[in-house]
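S.K.: no sequence on this one, just coordinates:
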């Protein structure tokens, strides 16, 4: 099967190190390993290393970045002007994407279009309908709502309308969590077209050389956080819990593996806490380096705050579990569906610092509990390797190929 994989989000580099980048790269590689051919169309191709397929740069029209710069400079370079400039760039990028799809199709007949949903992209759907090809849409977040709450969104009505259009007209919509399945159905996607395929983990994580479970409890105890430093990932909860633990016992250390907009918050905490030397922030690390850092952790945390809708399928949970790192996490969404409190993890109410502190203290003092939780979580993670998930995705793709275009009446003009 020849698949054109579209990722039109200019904020996601498939060769990068964040969760979105990892998801694209590992899923594409697993699909290719199962015999499919994939061409990845993206505005940020990078050097292409680490991806088993051709990367095609779609942001090749030099007028678009020039227009964006000029638009952003209006009104003295205000935030509103910058937002408008970015959104217009995203919308106009559709024409370039459509041209690249046509050129690719001429030399390499595409059999299926698979698009990772981004705010302004619709060219993949237009192209698929023009050529009678199946169109699969992967939705990893309610992007329009997320953009409004945490960033800025100028053309909100257009963003929400485009989201509904794509959801109602895709042949299949792939989501990583059950909550997102409910979300897309509420916005126009028939339930029969939805497939839930969670995030996964690489087989190399199961070979991670972890810290011994029976190490002395009086030595350093490393609390690990893996992932991007964004407001909805519970960084404030993590710092509150660690500050309390460190005040009680100087043997705790915090290892943060990742980067993001809240790095400054972490750095300010580290510089003002009683023991700055007990906090390590690695910044972004290459995916192949992650197991090395997991091997340094005594516990892995996922301290998500209380959110109106928890739609994540957290990569960190699968990676902690595969590497046999005991987990302390919020009992949120898919986490509570995968893991059972006191059997495969210690779970606490979202944002509850007191419970998080108690659970970490309990793990530090009980090596047998650490071992038992880690082993059971690892068994769960074995069902979510990228290879297994790729098989499920290809099954959905083959089913869609048997009925291409079934979701559409008229195509986009």
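M.R.: Received, thanks. If you're wondering where the values come from, they're calculated on a predicted model, not measured in any experiment.
S.K.: apart from its chain neighbours, what residue comes closest to residue 245?
M.R.: The shortest distance from residue 245 to any non-neighbouring residue, by C-beta to C-beta, 6 or more residues apart in numbering, is to residue 252 (4.7 Å). The way it works is simple: take the backbone N, C-alpha and C, and place the C-beta from them, glycine included.
S.K.: can I assume that neighbour is in contact with residue 223?
M.R.: Yes. Counting by C-beta atoms under 8 Å, residue 252 touches residue 223, with 6.3 Å between them.
S.K.: which helix is the longest one in this protein?
M.R.: Ranked by number of residues, the top helix in the chain under DSSP state H is helix 79-107.
S.K.: which element follows that one toward the C-terminus?
M.R.: With elements assigned by DSSP states H and E, the helix or strand that comes after helix 79-107 is strand 112-116.
S.K.: what sits up against that following strand?
M.R.: Under the criterion C-beta atoms under 8 Å, 6 or more residues apart in numbering, residues 1-9, 12, 20, 24, 101, 121, 124-125, 127-128, 133-138, 140, 397, 400-401 lie in contact with strand 112-116.
S.K.: please repeat the previous calculation with a cut-off of 7 Å.
M.R.: 1, 3-7, 24, 121, 124, 127-128, 133-138, 397, 401 (C-beta atoms under 7 Å, 6 or more residues apart in numbering).
S.K.: which helix or strand in the chain has the lowest average pLDDT?
M.R.: Taking mean pLDDT, DSSP states H and E as the measure, the helices and strands of the chain show their lowest mean at helix 63-72, namely a mean of 82.
S.K.: so it versus helix 79-107, what angle?
M.R.: Calculated by axes from the mean of the first three to the mean of the last three C-alpha atoms, to 10 degrees, helix 63-72 forms an angle of 170 degrees with helix 79-107.
S.K.: can you list the buried residues in helix 63-72?
M.R.: With burial defined by 16 or more other C-beta atoms under 10 Å, the residues of helix 63-72 counted as buried are 64, 68, 71-72.
S.K.: and those residues as CSV, adding distance to residue 147?
M.R.: As requested, these are exported to CSV (distance: C-beta to C-beta, whole Å):
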residue, distance to residue 147
64, 20
68, 17
71, 18
72, 17
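S.K.: got any ranges where the stretch 101-250 of the chain has weak pLDDT?
M.R.: Low-confidence regions of the stretch 101-250 of the chain, defined by pLDDT under 70, span residues 210-218.
S.K.: circling back to that earlier point, just the buried members of the contacts of strand 112-116?
M.R.: In these, burial by neighbour count holds for 3-7, 24, 121, 124, 127-128, 133-138, 397, counting by 16+ other C-beta under 10 Å.
S.K.: coming back round to it: now do the least confident helix or strand of the chain: distance to the chain's middle.
M.R.: 29 Å (C-alpha atoms, centre = their mean, to the nearest Å).
S.K.: same thing with stretch 102-109?
M.R.: 30 Å.
S.K.: name the residues that touch it?
M.R.: Contacts to stretch 102-109, defined as C-beta under 7 Å, 6+ apart, come from residues 2, 4, 39, 56, 110, 131.
S.K.: same list (these) but as TSV, adding secondary structure.
M.R.: What follows is the contacts of stretch 102-109, written out as TSV (DSSP: H, G, I helix; E, B strand; the rest coil):
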residue	secondary structure
2	strand
4	strand
39	strand
56	strand
110	coil
131	coil
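S.K.: restricted to buried residues, select the residues you listed in ChimeraX.
M.R.: What follows is the ChimeraX syntax selecting those of these that are buried according to 16+ other C-beta under 10 Å:
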select :4,39,56,110,131
